[in-house]
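Novice: sequence and predicted model, in that order:
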Amino acid sequence: MKYIVLAIPAFFMLMAIELAWSAYANRKVYRFNDFVANLGCGIGSQVVGAFTKTGILALYLAVYDHGRLFTLPSTPLTWLLAFLLVDLMYYWFHRLSHEVNFLWAAHIVHHQSEEYNLSVALRQSWWQGLFSFWFYVPIALLGVHPMVIVSVAAINTLYQFWIHTKAIDRMGPFEWLFNTPSHHRVHHGSDPKYIDRNHAGTLIIWDKLFGTFKREEEEPVYGITSPLRSWDPLTANFHYWGELFRMAHRCRSLKDKVLVFIKPPGWRPAYLGGFDGPKAKDSTTYRKFDTRVSNAVNGYVAVQFALLLLVTSYFLFQQDKLSMLAQWTTAALIGWWVMNLGVLLEAHRWAVRSEIGRVVLLGLAIALVLPIAPSPWSLIVAGTITSLSLLHVLLVMRTKQPAS
């Protein structure tokens, strides 16, 4: 996870380059509201991962220390083997995440954006890590050291960042073996012929070997078949779980209630209408979800988003030095923060009241809980941030919102 956190400056640099390319090529591939929602999901994923990483590594170590079948030395051959095994198990986790409902509920977040750009790579589910790490346990059982496993898994994740772009077309012989932007654009398509294709992480050979490969033809229509229609990361992470539990509640038998979670997306018992498969979107008439807010609201969200990135970076790099109270307070604050930015962009009336509460909590956290600066400087920092943010949000309230 630290490798991924350390790569964040490079992520932003590459997104800036992609944005410059889109302006040069006259192709609009970024929208501000979608960008904030994507990174809000990614921020939440990193925060949740900060609490689960120790337990996951401990499980790998327990399997390796007490159950491994072999002891593989740390050699280039072992690292190559680990790379192939991690990539193979990632393929199967990723494929099953599209074919099993409860896994799809933990993965759907990554597919909700109706755009396709590098920020989509950072749009990650808050819960996916809790379901994916089990697939790598057998690698520890075979005798690959857990530090090798997590390092290779991080490399696999980092590789997948650059393939989320429209800026790169076909890549010739390279794409015979490796996953590329062209291959992965197919994977993010909601067109029926593209759904559940190209699950590869690094090597596209797994899709070709197991029959899930599809070559890119026309550009896909991106997103999920039933659009989310929200910029709120909390809604993004919980909405499909809600759908599954509501469907299970409607089922008549315990068997059907269980099947709701383990059958493919779209499954329903016959008495509730039967399987509801994906339907094609007409790319010529389909309109992406969008909302209109004033420039003042966009400006406020931009300023607060920059501050959010600073607080999140502080949390991720200083977590081991924080008390449990400070860790949980900061995590809750970040979750509230990303939700507020999303609902502000949706122009909900209650969003401003929620944001005022969040700003006050941030000030109290800086003053009383977070060791950001020695006293009395912490009070000065807290007071400055709180007063300026409250003044800014109150000025935003006075602006007239554009007509929908």
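Specialist: It's in. Note that this is a predicted model, so its numbers are computed, not measured. Numbers count the residues shown, from 1 in each chain.
Novice: which of the residues in the helix or strand A106 falls within are buried?
Specialist: Using DSSP states H and E, the element containing A106 is helix 101-107. By neighbour count with 16 or more other C-beta atoms under 10 Å, helix 101-107 contains the buried residues N101, F102, L103, W104, A105, A106, H107. To be clear about C-beta, it is placed using only N, CA and C from the backbone, and glycine gets the same treatment.
Novice: ok, now stretch 165-175?
Specialist: Within stretch 165-175, the residues that count as buried by 16+ other C-beta under 10 Å are T165, K166, A167, E175.
Novice: helix, strand, or coil at the third one?
Specialist: Secondary structure for A167, judged by DSSP: H, G, I helix; E, B strand; the rest coil, is coil.
Novice: relative to L19, how far out is it?
Specialist: Plainly put, A167 is 10 Å away from L19 if you go by C-beta to C-beta, to the nearest Å.
Novice: now the element after the helix ranked longest in the chain, going C-ward?
Specialist: Secondary structure of the chain per DSSP state H: the longest helix is helix 32-67. Using DSSP H and E, the helix or strand that follows helix 32-67 in sequence is helix 76-99.
Novice: which strands or helices does that next one pack on?
Specialist: Contact partners of helix 76-99 among helices and strands, from 3 or more C-beta pairs under 8 Å, 6 or more residues apart in numbering; DSSP states H and E: helix 101-107, helix 128-132, helix 137-141, helix 146-159, helix 205-210.
Novice: what domains does the record give for the protein?
Specialist: 2-210, 295-397 (automatic domain parsing).
Novice: including pLDDT and distance to L364, could the buried residues of stretch 165-175 go into a markdown table?
Specialist: Output for those, formatted as a markdown table (pLDDT from 0 to 100; distance: C-beta to C-beta, whole Å):
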| residue | pLDDT | distance to L364 |
| --- | --- | --- |
| T165 | 98 | 41 |
| K166 | 97 | 44 |
| A167 | 97 | 44 |
| E175 | 97 | 52 |
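Novice: state the number of residues packed around G223.
Specialist: A count of nearby residues for G223, using other C-beta atoms under 10 Å, gives 21.
Novice: okay but it is in contact with H110, surely?
Specialist: No - with contact defined as C-beta atoms under 8 Å, G223 does not reach H110; the gap is 11.1 Å.
Novice: how close does P233 get to G357?
Specialist: For P233, the distance to G357 - C-beta to C-beta - is 18 Å.
Novice: which one's more surrounded, the two?
Specialist: Shown here are P233 and G357; by other C-beta under 10 Å, P233 has more neighbours (29 against 12).
Novice: do you know the pLDDT at the more buried one?
Specialist: On pLDDT, P233 comes in at 98.
Novice: that one and A37 touch, don't they?
Specialist: Yes - counting by C-beta under 8 Å, A37 is a contact partner of P233 at 6.5 Å.
Novice: what do these two both touch?
Specialist: G342 (C-beta atoms under 8 Å, 6 or more residues apart in numbering).
Novice: S125 - how many residues pack around it?
Specialist: Residues near S125, counting by other C-beta under 10 Å, number 27.
Novice: quick check: closest non-adjacent residue to it.
Specialist: The spatially closest residue to S125, leaving aside those adjacent along the chain, is V109, at 4.0 Å (C-beta to C-beta, 6 or more residues apart in numbering).
Novice: may I have the worst-scoring helix or strand of the chain on mean pLDDT as PDB, with CA atoms only?
Specialist: Between all helices and strands in the chain, the lowest mean by mean pLDDT, DSSP states H and E belongs to helix 2-6, at a mean of 74. Listed next in PDB are the C-alpha coordinates belonging to helix 2-6 (Å, rounded to 0.1, in the frame of the first residue of the first chain):
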ATOM      1  CA  LYS A   2       2.900   2.400   0.700                       C
ATOM      2  CA  TYR A   3       4.100   1.900  -2.900                       C
ATOM      3  CA  ILE A   4       0.700   3.100  -4.100                       C
ATOM      4  CA  VAL A   5       0.700   6.100  -1.700                       C
ATOM      5  CA  LEU A   6       4.200   7.100  -2.800                       C
END
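Novice: and the helices in the stretch 201-350 of the chain?
Specialist: 205-210, 233-250, 254-262, 295-318, 324-345 (DSSP state H, counting those that start in this stretch).
Novice: rewinding a little: for the least confident helix or strand of the chain, which positions count as buried?
Specialist: Neighbour-count burial for helix 2-6, counted by 16+ other C-beta under 10 Å, picks out I4.
Novice: chain center to it, what's the gap?
Specialist: Counting by C-alpha atoms, centre = their mean, to the nearest Å, helix 2-6 is centred 15 Å from the centre of its parent chain.
Novice: now for it, which elements pack on it?
Specialist: For helix 2-6, the packing partners by 3+ C-beta pairs under 8 Å, 6+ apart come out as helix 146-159, helix 295-318.
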